[in-house]
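# Need a 3D model of the following:
(chains A and B)
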2 protein chains.
Amino acid sequence: MTKAASTLQTVNTPAVLVDLDIARRNIDRFQAYADAHGLKVRPHIKTHKLPAVAEMQLRAGAVGVTCQKVSEAEAMVAGSPEIRDVLITYNILGSEKLEHLVALARKVTLSVVADNETVIDGLSAVFASETAPLSVLVECNTGADRCGVPTPDAAAALAQRISRAPGLVFGGLMTYPPAGGAAAVESFMTRAKAFIEAAGIDVPVITSGGTPSMMDAAQAPVTTEYRPGTYVYNDRSLVSRGVCGWDDCALTVLATVVSVPAANRAIIDAGSKTLTSDLLGLSGYGHVLGRDDIAIDQLSEEHGRLVSEDAINLKVGDKLRIVPNHACVVTNMVDAVNIVEHGEISAVWPVAARGRIV
Amino acid sequence: MTKAASTLQTVNTPAVLVDLDIARRNIDRFQAYADAHGLKVRPHIKTHKLPAVAEMQLRAGAVGVTCQKVSEAEAMVAGSPEIRDVLITYNILGSEKLEHLVALARKVTLSVVADNETVIDGLSAVFASETAPLSVLVECNTGADRCGVPTPDAAAALAQRISRAPGLVFGGLMTYPPAGGAAAVESFMTRAKAFIEAAGIDVPVITSGGTPSMMDAAQAPVTTEYRPGTYVYNDRSLVSRGVCGWDDCALTVLATVVSVPAANRAIIDAGSKTLTSDLLGLSGYGHVLGRDDIAIDQLSEEHGRLVSEDAINLKVGDKLRIVPNHACVVTNMVDAVNIVEHGEISAVWPVAARGRIV
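Residues are numbered from 1 along each chain as shown, chains lettered A, B, ... in the order given. Below you'll find the model as predicted:
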């Protein structure tokens, strides 16, 4: 890291750094696990929002990508000719979004999810007149209590509605389970699959996701595909869960100490506009690499407060690297990230799908 | 609000709405208070990041604006010929920021703050060769324990260092006090002012800030200027403190119900990428207007979970307006806001200073 100081010291802070060597290693690690267990990988791009990192994931063996919003998918597809298979894991509603969805489906292999009839009927209304049908998966609630049909019966009912709907084809089952939810996924999906097949409908894909439990994905063998997101960068929440170590964290925030107003307190130029207020159950807003004694106990928009029980031993102008609690949301705060390779800044990449909320 | 449905129903969600009629009323209310008490107003633009709203504040009587970062000030100055007096309430360090600061100082009346010698020396090094000196205020810690010198003595020492530094002129004293900190401000600033004047240095400005206690600003009569930020929009945190009511909240998030997966649960298409995870001591992530029974108990990036103790009584496709916990950070999440006047969408304004973190 001594060599890195040469380029890292010149970066205007706060800045988001993405170490591509670490990201590559993280990508390869899960791809190897998935390959060994016969699972397809469809990474969620929300973590990086970068077409070039999606290309790394595809070249490593991913079958396509996952996006959460239509506009996010558009940005990714526009950013790389290699992104040609996209699953949008969201209930899509409203005429403007549906128009964009139709345009996107003409360009790439597209699938979406639905957990209710209103969404299915809306999709059917616009895809009925299209040449190729849209693949729609049924989102299932396997315990996270966010979206998703509550029972395998309900999943089967929606699968039938999709397969009867003009312009649509039933694409399979999707879930975003809670951490440790492999058994619940296996139980729900096995039953739902049986019900749907009993109705004479094929279930081509059963897709699950979530980085915290990704190395247990094979404990739900009914699953055909996995959608990890954060795994590419990792973050403090994953270190705290024992999923990875600090050396596996590809995304860091470079910050400068702007004030040391008390012996045990220092202020950095990164606040909630960079690190975000996401806690993910943790205490404090990030980990200062190499300084286990420091807590980031308070953020305002442009200030981060660092405290230590002893002397904080920092001076104004010092630069620190911080692993944020949640990498995905940090990516969304900046227009561009600084790419680090072999310990040096090698490029600055615009975050193509940043802020794509519709 | 029935008329509003015509334009609001067509907005692609999630979307941030800014009601200019309410914002104008909020601006006028504090300006009237300040005028009555002989206080100058220098609004913090972090809340809106919109040159046109800064113009509204200036036309109502504000003497200039406050920005937190150099790049934020650049965006605001570039966006309006009326913004010609800017205070950046931040310790500015590093060659790239200092270069930009020099360029900005050639265009507008600029002042900055410092709470340590390293910052003062850095400013002096680049302004020594400029025709006009840079005004530097000393930041004082009056209890918020963020930045700021700890004692009036320390403030006086830095004031002397500034007044001796080539290229700089001492501009006064600045603080961002904790809520209810008027007495602490009066005590600290009165003593600091006396020490500095005893050294033969004039203290032209004593500036304080913070919306929660703005209507008590006159309880610190030593103050010459006040920097309210959130007052222009208000938010759930200010309603919860009794500072304003829901009708005074100019910024709302328009969201669509995308799923009603259980009788007492609904999911909206606004998550932490729009509402943010800022809690500001509250429980839940925002207030659904007209639905006191609903709590937004969980956000993921693109989902907000609404729960009610009884039937939630929403259907897929319903649109809701949400007052976020913290308006300033929501502004920073979107590329543009929808302007509402007389209950109708009248314009879409790009958020000129969004994401300006350096």
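
# near chain B, which residues of the stretch 201-350 of chain A?
A:256, A:258-262, A:265, A:267, A:269-270, A:272-274, A:276-279, A:298, A:300-303, A:305, A:315-317, A:328-329, A:332-335 (CB under 8 Å from any CB of the partner chain). (Glycine included, C-beta is placed from N, CA and C.)

# Can you tell me which of the residues you listed end up in strands?
Taking DSSP state E, the ones among those that sit in strands are A:256, A:258-262, A:265, A:267, A:298, A:305.

# Which residue ranges of the stretch 101-250 of chain A form helices?
Remark: helices assigned in the stretch 101-250 of chain A by DSSP state H, counting those that start in this stretch are A:117-127, A:152-164, A:182-198, A:236-240.

# Present those as CSV; the columns should include mean pLDDT.
Listed next are the helices of the stretch 101-250 of chain A as CSV, based on pLDDT from 0 to 100:
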stretch, mean pLDDT
helix A:117-127, 98
helix A:152-164, 98
helix A:182-198, 98
helix A:236-240, 98
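
# Could you export those as CSV, including mean neighbour count?
Converted to CSV, the helices of the stretch 101-250 of chain A look like this (neighbours: other CB atoms under 10 Å in any protein chain shown):
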stretch, mean neighbour count
helix A:117-127, 19
helix A:152-164, 20
helix A:182-198, 19
helix A:236-240, 20
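
# Let's have these in a markdown table, adding distance to residue B:292.
As requested, the helices of the stretch 101-250 of chain A are exported to a markdown table (distance: least, CB to CB, whole Å):
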| stretch | distance to residue B:292 |
| --- | --- |
| helix A:117-127 | 26 |
| helix A:152-164 | 31 |
| helix A:182-198 | 34 |
| helix A:236-240 | 33 |
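
# Report the buried members of the residues of the stretch 201-350 of chain A next to chain B.
The neighbour-count criterion (16 or more other CB atoms under 10 Å in any protein chain shown) marks A:256, A:258-261, A:265, A:267, A:269-270, A:272-274, A:276-278, A:298, A:300-303, A:305, A:316, A:328-329, A:332-334 among those as buried.

# pull the helix or strand with minimum mean pLDDT from chain A.
helix A:5-8 (a mean of 70; mean pLDDT, DSSP states H and E).

# show me what contacts the closest residue to residue A:215 other than its chain neighbours?
Closest residue in space to residue A:215, ignoring its immediate chain neighbours: residue A:33 at 6.2 Å, by CB to CB, 6 or more residues apart in numbering or on different chains. With contact set as CB atoms under 8 Å, 6 or more residues apart in numbering or on different chains, residue A:33 has these partners: A:39, A:214-215, A:217-218.

# For these, I'd like a selection string for PyMOL - just the buried members, please.
The PyMOL command for the buried members of the contacts of residue A:33 (criterion: 16+ other CB under 10 Å) is given here:
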select buried, chain A and resi 39+214+217+218
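
# State the pair within the contacts of residue A:33 that is farthest apart.
A:39 and A:215 (11.3 Å; CB to CB).

# separation between residue A:328 and residue A:230?
The spacing between residue A:328 and residue A:230, counted by CB to CB, to the nearest Å, is 6 Å.

# what touches both of the two?
residue A:47.

# ok, now which ones touch the closest residue to residue A:243 other than its chain neighbours?
What sits nearest to residue A:243 in space, not counting adjacent residues and going by CB to CB, 6+ apart, is residue A:212, at 5.9 Å. For residue A:212, the contact set (CB under 8 Å, 6+ apart) comprises A:179-180, A:238, A:241, A:243.
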